[in-house]
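# Would you be able to build a 3D model of this:
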Amino acid sequence: YTVLDILQKVFYSNNGAREAFVELCNSKYVQQVTFDSYLYKKVQGNNPLDDIKLLGETIGCLIKGYSIAKPDAEFSNPVESMKRL
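So this is what the prediction gives:
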């Protein structure tokens with residue numbers, strides 16, 4: 001589950017990252033790796049060249065996502081925070 005933890009930290013940190021994640025999910029390669037990993041219960045090592053291309057696409061999507069996404073709204077709920085203390 002380390003891979004999923006890393007993905008969550010990278011792609012769910014703000015609106016720009018979430019936009020990048022949505023764009024990456026359109027990739028046939030990402031869909032195939034996801035399906036195979038789910039089917040075989042471990043991350044599937046596929047074609048190293050395609051993995052390098054995916055890394056480039058990921059970085060490009062993150063840059064694009066950060067540049068076009070609106071900033072996250074400030075969130076503050078002091079009443080709820082006090083209940084948790």
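
# mind checking the longest helix of the protein?
Using DSSP state H, we find that the single longest helix of the chain is helix 48-68.

# from the chain's centre, how far out does it sit?
Here helix 48-68 is found 11 Å from its chain centre; the criterion is CA atoms, centre = their mean, to the nearest Å.

# ok, and what's touching it?
Applying CB atoms under 8 Å, 6 or more residues apart in numbering, the external contacts of helix 48-68 come out as 10, 14-21, 23-24, 27, 29-30, 45. C-beta here means a position set from N, CA and C on the backbone, and glycine is covered the same way.

# Could you do stretch 13-32 as well?
For stretch 13-32, the surrounding residues in contact (CB under 8 Å, 6+ apart) are 10-12, 46, 50, 53-54, 57-58, 61-62, 64-72.

# got the buried residues for that stretch?
The neighbour-count check on stretch 13-32 (16 or more other CB atoms under 10 Å) flags Gly16, Ala17, Glu19, Ala20, Phe21, Glu23, Leu24, Ser27 as buried.

# Show me how to select, in ChimeraX, the buried members of the contacts of stretch 13-32.
A single ChimeraX command suffices to select whichever of the contacts of stretch 13-32 are buried according to 16+ other CB under 10 Å:
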select :11,54,57,58,61,62,65
